[in-house]
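**Q** What follows is a protein structure lacking sequence information:
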DNA sequence: GCGAACTAACTAACCGTTTGATTAGTTACA
DNA sequence: TGTAACTAATCAAACGGTTAGTTAGTTCGC
């Protein structure tokens, strides 16, 4: 128990790495801090994950799998789908930041994550089907519509501080409602 | 001319820094590369800008001033305003990336840029006025509405590569139209 | 006691920042 | 006008701290 549990150590490292990378990104994140926060050792990181980049990949991969599982698409009710995405960001605040770091620091390097690609394709298909059935309007192509919905769901974590200062003071519930309403308006 | 023009050197450094920071961010950007790309010297950076962070601030500040000047708000026609923002991102592709690095790496450190704050406040006021006149619908508060419009204008530069791969193949004109249409839908 | 888990100490490279000196342009004065 | 004194611009080299990655040895469960 505790002191010699490889799986637990791996988990502690992953969790600490998630915090560190969410806060500082890949270039800014410090392996030493991650090891210390996980009450472990730098060498363990290289033993379990091979490299700093490998550690970030593991964090990102795990995060993507969780997110894909956590919020299945409901093409019949995209406003509520966006609301649930919003909820998932509230529950796991690192998701948006890690995804953004990934986009900025990892674009073009290495392969795309097939689990995410497949999930996106399936979601586009679900939207396209709903459009074909007439449940969803067709004034946007399915891929674009899905993209807009996902994009809007991240509205509140995308603003520069100078804008946040101007929009301050909305409750979580109100912020969620904005996302839901905005997606609903998109479908009108 | 050329070899001893302080202002020109400053400009070359700023331009090189803009490219470097847009590509790699603050932590990832390399002072050495910036100096080399500007055909100058590391020490010049410290002479003109004090520090790496000071250099980034100068880049960000200049960029904000340009953007604020380049795209004045037109509260009577928000879809077209969003379209013009989209155009400005196409023309100056580094804007969105620098703004994102700023948000991720600089949030909470130092003061907010008053030029941006003032511009945002004025824009919110313009939207609120238009709402009061009945030119704009009032189902979103003015600050939120403006935020959504700006957020939507950046739609195409905000997606993770795994999503870009799925939405590939839309022309610039089509992408612009999506932004305009999405904002129009928001106002319905 | 064997192998897996763990760790402190180490290293080699990197990188932001500074130094100290050189060069080019400008002013002042005879 | 000629030149000495001054200022601003430039740069190569070095410094000191940091950091990703490694090693070689120790501890512990089975």
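**A** Yep, that arrived. Small disclaimer: the values here were computed from a predicted structure and weren't measured.

**Q** now check the longest helix along chain A, is it near DNA strand C?
**A** The residue-count maximum for a helix in chain A (DSSP state H) belongs to helix A:6-28. Yes: for helix A:6-28, a contact with DNA strand C is found by Cβ under 7 Å from any atom of the strand, at A:6, A:8-9. C-beta here means a position set from N, CA and C on the backbone, and glycine is covered the same way.

**Q** quick one: the helix or strand following that helix near chain B?
**A** Heading C-terminal from helix A:6-28, the first helix or strand you meet, by DSSP states H and E, is helix A:31-37. No: between helix A:31-37 and chain B, judged by Cβ under 8 Å from any Cβ of the partner chain, nothing touches; the nearest distance is 13.3 Å.

**Q** Tell me which residues of helix A:31-37 come out buried.
**A** A:31, A:34-35, A:37 (16 or more other Cβ atoms under 10 Å in any protein chain shown).

**Q** Stretch A:97-109 too?
**A** So for stretch A:97-109, counting by 16+ other Cβ under 10 Å, buried means A:97-106.

**Q** Next one: the one residue sitting closest to the centre of chain A from residue A:88, what distance?
**A** Centroid check for chain A by Cα atoms, centre = their mean gives residue A:95 as the closest residue, at 3.7 Å. Counting by Cβ to Cβ, to the nearest Å, the gap from residue A:95 to residue A:88 is 7 Å.

**Q** hey, what's in contact with both of the two?
**A** Common contacts of residue A:95 and residue A:88 (Cβ atoms under 8 Å, 6 or more residues apart in numbering or on different chains): residue A:67.

**Q** from the buried residues of helix A:31-37, which are also near DNA strand C?
**A** Counting by Cβ under 7 Å from any atom of the strand, no member of these is near DNA strand C.

**Q** Please convert these to CSV, extending it with pLDDT.
**A** Formatted as CSV, these follow (pLDDT from 0 to 100):
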residue, pLDDT
A:31, 98
A:34, 98
A:35, 97
A:37, 97
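
**Q** quick check, nearest of those residues to DNA strand C?
**A** Taking Cβ to the nearest atom of the strand as the measure, DNA strand C lies nearest residue A:35 of the buried residues of helix A:31-37, at 8.1 Å.

**Q** Tell me if I'm right that that closest one and residue A:45 touch.
**A** Yes: using Cβ atoms under 8 Å, residue A:35 is in contact with residue A:45, at 6.0 Å.

**Q** what residues are shared contacts of the two?
**A** Counting by Cβ under 8 Å, 6+ apart, the contacts common to residue A:35 and residue A:45 are residue A:13.

**Q** Per-residue pLDDT of whichever residue of chain A sits closest to DNA strand C, please?
**A** Among all residues of chain A, residue A:6 sits closest to DNA strand C, at 3.1 Å; criterion: Cβ to the nearest atom of the strand. Looking at residue A:6, its pLDDT is 91.
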